[in-house]
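In: Compute the structure for the input listed below.
(one chain, ligands or ions: 1)
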Amino acid sequence: MLNLVLFGPPGAGKGTQSQKLIEKYGLIHLSTGDLLRGEISQGTTLGLEAKKLMDEGLLVPDAVVIGMISNKLDANKEAKGFIFDGFPRTVAQAEALDSLLESKASAISGMIALEVNDQELEQRLLLRGKDSGRPDDANPEVIRKRIKEYNDKTAPVAGYYKGQNKFTSINGIGSIDGIFGEITKVIDTY
Ligand code: B4P
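Out: Next up, the predicted model:
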């Protein structure tokens, strides 16, 4: 079973590369950002609570996203594997993911981190904000807060996977197809 964590700051290209990876490897794509936006568009209580935090560039509580991922793993018992996109975003989420997979006799194959500098991230997100309709992409102040949340709470997750010898970093600046090629080279070593 191939279980990949695609990692990187907001705007690094995780969602973009995930779309290409699911086609090539036939994996299930689990994006906590997409799942949360689904809850918001359905107007659920969870979605209403999450929206307040997301619009401010803050992380949603661990228990909420861990619960969503747990449900998705249960609903896809026959899957060939998963791409985790935007999850785990805290060390507590990484520990919970290991426990969830272990209970299914599975494990993370590796983490691939996309490295992109802050200036490029800000430009990409502002550009996407022009037509994505995502409130968290439209405002430079919110984008900077998202990058700060990433540096404070999410960056340490890389150390968690380094400690398990499962970490690889890739330059996330360049053509989408070129970056995809680098990612597939790493996956083919798993
Ligand atoms: P996400 O939906 O995960 O949003 P994201 O970090 O912006 O990444 P995304 O995948 O969408 O963007 P991509 O880099 O592909 O999270 C949104 C919010 O949800 C968070 O702030 C948080 O509040 C909440 N949340 C989600 N998961 C959570 C969790 N686990 N715990 C707590 N809270 C959670 O693409 C960005 C742009 O760059 C696109 O326009 C793309 O076209 C462009 N791009 C991509 N690759 C490029 C390249 N090579 N060159 C030029 N542009 C490129």
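
In: use CA for all of it now, contacts and neighbours both
Out: Will do.

In: Near residue 43, how many other residues are there?
Out: Neighbour count for residue 43, taken as other CA atoms under 10 Å: 13.

In: for it, what are its contacts?
Out: If a contact means CA atoms under 8 Å, 6 or more residues apart in numbering, then residue 43 has no contacts.

In: Mind doing that once more with 10 Å?
Out: Counting by CA atoms under 10 Å, 6 or more residues apart in numbering, residue 43 touches 37, 49, 51.

In: do the same with residue 127
Out: Counted by CA under 10 Å, 6+ apart, residue 127 has contacts 121, 137-138.

In: run the last query once more with 7 Å
Out: By CA atoms under 7 Å, 6 or more residues apart in numbering, the contact set of residue 127 is empty.

In: Name the secondary structure element that contains it.
Out: Taking DSSP states H and E as the criterion, residue 127 maps to helix 118-132.

In: quick one: is the helix or strand just after that helix near the ligand?
Out: Next helix or strand after helix 118-132 toward the C-terminus (DSSP H and E): helix 135-138. No - using CA under 6 Å from any ligand atom, helix 135-138 never reaches the ligand; the gap is at least 7.2 Å.
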